[in-house]
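1. Provided below are the primary sequence and the corresponding predicted coordinates.
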Amino acid sequence: MSVPRTGAEIREAYLAFFEAREHRRLPSDSLIPSNDPSLLFTVAGMVQFKEEFLGRGRTELRRATTSQKCIRVPDLENVGATPRHHTFFEMLGNFSFGDYFKAETIPWEWQFFTECLGWDPDRLVASIYLDDEEAFQIWKEKVGLPEERIFRFGEKENFWPAEAPSKGPNGPCGPCSEIYFDQEPGGPLPDKEGLEELPDRFVEVGNFVFTQFDRQDGGRLEALPQKNIDVGLGLERLTAVAQGAANNFETDLFLPVLDAIQSLSGQNYGREAAHDVRMRRIADHARAVFFCIADGAAPGRDGRGYVVRKILRRAVRDGIELGLKQPFLAELFPAVESTMGACYPELSQQRGTIEALVQGEEERFRDVYRHGIARLETALDELRQQGDSQTFSGRTAFELHDTYGFPADIAEVIVREQGFEYDQSGFEQAMEEQRQRARTGTALSGDLFVESIASQLRHEKVEATRFLGYEQDRGEAEAVALGSDGRLQSALEAGQEGFVVLAHTPFYAEGGGQIGDRGQLLDPTGETLFEVRDTQNEEGYSLHFGVARQGLSRGKSVIAQIDLAARKATEAHHTATHLLHAALKSVVGSHVNQAGSQVAPERLRFDFTHPEALSSAQIAAIEDMVNGQILSNQEVQKRMSSLEQARQDGVVALFGEKYGDEVRVVEVPGFSKELCGGCHVGHTGNIGPFRIVSERALAAGVRRLEAVAGQAALESFRRDQRRLEELEVLLKTPADRLGERVQALKDELKKAKSAKKAAVPGSKEVAERLRGERQELKTGDLGFAWADLPGLDAGALRSLADGLRKEDGLPDLVLLVGGDSAKVPFAVLCLQDGGPLKAGPLAKAFGQLLGGGGGGRPQFAQGQGADRSELAAKVGHWLQGLPAPA
């Protein structure tokens, strides 16, 4: 029987190995954690089992095994530069929740490495926590590992969380044991410290966490009643060892992507070290971006979207450095799909969305990157005008690096060429602050076990909330729990903000784009006990957030009453959203996929993948199609189905949503069919008129439509009618001739701008004036002239100066002054080769006379002042300060 060598074979061998040992094989959780809002991304295999580790999850689940998709970004700078750093990686794991412990774990892992993978036992060494005698005896006696191949480390290296005994945090913790593969067998074994200091020789291939203690105040370690096992093995590392690769990238998991990069760039991997790093980083980042988008984390400005955008932009910048002049990242998708698609079908299912988002995001970033040069020049101009400052801000350099992807080393060269100092320490400080932000939510720590509201409710044996809102808008229910500031408590006082959990509720908890219901919790007399402002779902519990109007205690019976008018408006907008989605696919193309939505009483918002703006004709066609379905007054059908059957029936599943085995299908026969748990009208005619009110770009490759239906649409029509009537009065023109009137006004404005431009003197005219006003300077045999040009701004002066450089016979020193009484830009030109006159210091001195500053290069400088009075006298005073002849 052949041993597993490819990544896919090793993944399957591991899962089958533990499945045969009574572990339940479970799918990878999404990269967006399903039950932990404190994390931006899933960072380890154990994240989806947080409740099981706490003894509050699925009680029937005692053993599990997974291959988990993970994202970690604290060490972005190392990706591609080291053999084993990644942003996206797979963590193979086996877990025990109060079942087996060390005596089973260590021998099983050893058996997997030596028997299943066929690795030489003499090339494996282990590490343990220095006080963990139990683990030592198992390694030595049960496994048979020689004592000299068992290394003891302290709590920093071999305890989870690191240094928990001495530094905390309080909570579940325990010692670790790690297993390493020796890539240089036969050599002398290092001392204790040497193992960690030889990462190229000893590759960590497995980490076993024995969660057996509950840390208390003062560092006291109490034994946990339920001991757990958390094993993590990096698939990429295992594959590299199995294939004898020098690094994780030179394996079948990455080589198809590297081949694609070489083909697109014309560069050969292995020829130049710097290019090799860039290719490895692109391969890693492409996988990370594709998987994040497939799981619903699209590039954006905040949170996980910011992280995804940053990873994508780093890959694009590396491509630019490789000479790739056109967008390329989306073209790597087939290579990633070929290696990962069979195990993770979500890649293929979301291919259209992934490629559209990546293509658009790269196109936009390439424009941004080009603008980085312009931003650098603007920052230098601003520095010159400050006069006193001669140091380029490190934070500005960081902005160029982080926002524009502009290489910091190139920025430093340009800044120093311009005669300024470069604030390297400020740049490094800003970089470190950004790294800290990146670590937040993307690293694994002991804080993982901070209790969520749902976890507290499970601990109190509170059952999940039953939703009755499809059939009811009002009903009696018991307040089974309540709380404030994330903690459960027995009562809420009048005026206190908090949340209430009911045994069952007609309130819809936000989900599927539909916002949560609002309303009231009443007493039997109809008095409001609690005003519900929002309803949110947390792991099956409906949390009614709002403010207590009277004292409310746990166990009290209340009457739950939703805001019926708001719900009806929301239902109309939700069904309209389904019709809009179907119409978009019909009018614009089948490539359109939903990228997000929000359904509220006031309006609907729909984000979709498409590379360009919709035309007026397309928007009109979409509106007509939706309104046609509304006029047909078809029944909106709702039914339950298995997820597999729904997919076979061609039901649309939405981007980023997670579904259980049983799903709800909402269908408008012959037109729209989607998985949806939201609230809808009974017939399409209940929606009322439908109108698209805006269409715009949301992100690269993503558009946003906003629309209104029913009463909101009528109000939109009325607002537009009032605006039209106001324009008729303002322009004294009937509505049917407003277009002509506006065009006439535009023509008049264009003529006025042309007249103003014609009044600006040209370089030849100014040059003639300067030649006629030349005066000799005391500084050697040099000439000077100046021009007073009121009304010209800094940009116009710069353009004029560029033109003057091409003119012959001008004085050696030229001063141009523009602006008005409050803002006085100026420019200084030194046209002689060499000599004592330097434009930068001269601009600084003249700017000070005007109550401002200036600076720049020896041949050209600019500045700005705030006082234009007695200008000729100030010019004369400035000339008196020129350096004396040598």
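-> Cool, the structure landed. Note that this is a predicted model, so its numbers are computed, not measured.
2. where's the closest residue to residue 265 other than its chain neighbours relative to residue 278, distance?
-> Beyond its immediate neighbours in the sequence, the residue positioned closest to residue 265 (Cβ to Cβ, 6 or more residues apart in numbering) is residue 322, lying 4.5 Å away. Using the backbone N, CA and C atoms, a C-beta is placed for each residue, glycine as well. Counting by Cβ to Cβ, to the nearest Å, the gap from residue 322 to residue 278 is 6 Å.
3. before we move on, what about residue 522?
-> Distance from residue 522 to residue 278, counting by Cβ to Cβ: 64 Å.
4. So for the two, which residue has more residues nearby?
-> For residue 522 versus residue 278, neighbours defined as other Cβ atoms under 10 Å are more numerous around residue 278 (24 against 18).
5. Give me the phi and psi for residue 87.
-> Backbone torsions for residue 87, taken as degrees, to the nearest 10, come to phi -90, psi -50.
6. meant to ask about residue 500, not that
-> Here residue 500 shows phi and psi, under degrees, to the nearest 10, equal to phi -130, psi 140.
7. tally of neighbours for it?
-> That count, for residue 500 with other Cβ under 10 Å as the rule, works out to 29.
8. How about the contacts made by residue 548?
-> For residue 548, the contacting residues are 492-498, 529-530, by Cβ atoms under 8 Å, 6 or more residues apart in numbering.
9. Just the buried residues of those.
-> Neighbour counting over the contacts of residue 548 (16 or more other Cβ atoms under 10 Å) leaves 492, 496, 498, 529-530 as the buried ones.
10. Same list, the residues you listed, but as TSV with secondary structure please.
-> TSV is the format used below for the buried ones among the contacts of residue 548 (DSSP: H, G, I helix; E, B strand; the rest coil):
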residue	secondary structure
492	strand
496	coil
498	strand
529	strand
530	strand
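11. dump the residue contacts of the residue nearest to residue 265.
-> Applying Cβ under 8 Å, 6+ apart, we find residue 322 in contact with 261, 265, 267, 275, 278-279, 282.
12. swap the cut-off to 10 Å and go again
-> By Cβ atoms under 10 Å, 6 or more residues apart in numbering, the residues touching residue 322 are 261-262, 264-267, 274-275, 278-279, 282, 328.
13. quick check, nearest of those residues to residue 88?
-> Taking Cβ to Cβ as the measure, residue 88 sits nearest to residue 282 out of the contacts of residue 322, at 12.7 Å.
14. Run a quick neighbour tally on residue 602.
-> Neighbour count of residue 602, defined by other Cβ under 10 Å: 13.
15. contacting residues for it?
-> Contacts of residue 602 were listed using Cβ under 10 Å, 6+ apart, and they are 515, 566, 569-570, 573, 708, 711-712, 715.
16. Please apply the same query to residue 393.
-> Counted by Cβ under 10 Å, 6+ apart, residue 393 has contacts 379, 382-383, 399, 415, 422-423, 426-427, 430.
17. residue ranges with poor pLDDT in the stretch 551-700 of the chain?
-> Per-residue confidence for the stretch 551-700 of the chain (pLDDT under 70) gives these ranges: 655-657.
18. Which parts of it are helices?
-> Using DSSP state H, counting those that start in this stretch, the helices assigned to the stretch 551-700 of the chain run over residues 564-587, 616-632, 643-648.
19. right, so these: which one is the most enclosed?
-> helix 564-587 (a mean of 22; mean count of other Cβ atoms under 10 Å).
20. Need the contacts of residue 393 in a markdown table (columns: neighbour count, secondary structure and pLDDT).
-> As requested, the contacts of residue 393 are arranged in a markdown table below (neighbours: other Cβ atoms under 10 Å; DSSP: H, G, I helix; E, B strand; the rest coil; pLDDT from 0 to 100):
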| residue | neighbour count | secondary structure | pLDDT |
| --- | --- | --- | --- |
| 379 | 18 | helix | 86 |
| 382 | 13 | helix | 82 |
| 383 | 21 | helix | 83 |
| 399 | 17 | helix | 85 |
| 415 | 22 | helix | 85 |
| 422 | 19 | strand | 91 |
| 423 | 20 | coil | 90 |
| 426 | 17 | helix | 89 |
| 427 | 23 | helix | 88 |
| 430 | 20 | helix | 86 |
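21. so which of the residues you listed would you say is closest to residue 136?
-> For residue 136, the nearest member of the contacts of residue 393 is residue 430. The distance, counting by Cβ to Cβ, is 46.1 Å.
22. Verify the contact between that closest one and residue 396 for me.
-> Yes - at 9.3 Å, residue 430 and residue 396 qualify as touching, with contact defined as Cβ atoms under 10 Å.
23. Mutual contacts of these two, please.
-> When contacts are counted by Cβ under 10 Å, 6+ apart, the set common to residue 430 and residue 396 consists of residue 423.
24. still on that earlier bit, closest one to residue 61 among the helices of the stretch 551-700 of the chain?
-> Per Cβ to Cβ, nearest to residue 61 of these: helix 643-648, 20.5 Å.
25. contact partners of the closest one?
-> Helix 643-648 is contacted from outside by 349, 639-642, 651-653, 659-665, 673-675, using Cβ under 10 Å, 6+ apart.
26. how does it look with 8 Å?
-> The set of residues that contact helix 643-648 without belonging to it, under Cβ under 8 Å, 6+ apart, is 653, 659-663, 665, 675.
27. Just the buried ones from the residues you listed?
-> Members of the contacts of helix 643-648 classed as buried by 16+ other Cβ under 10 Å are 653, 663, 665, 675.
28. Among these, which ones are in strands?
-> With strands taken from DSSP state E, the overlap with the buried ones among the contacts of helix 643-648 comprises 663, 665, 675.
29. is residue 487 in a bridge, and if so with what?
-> Listed by DSSP bridges, the beta-bridge partners for residue 487 are residue 484.
30. Sounds good, over and out.
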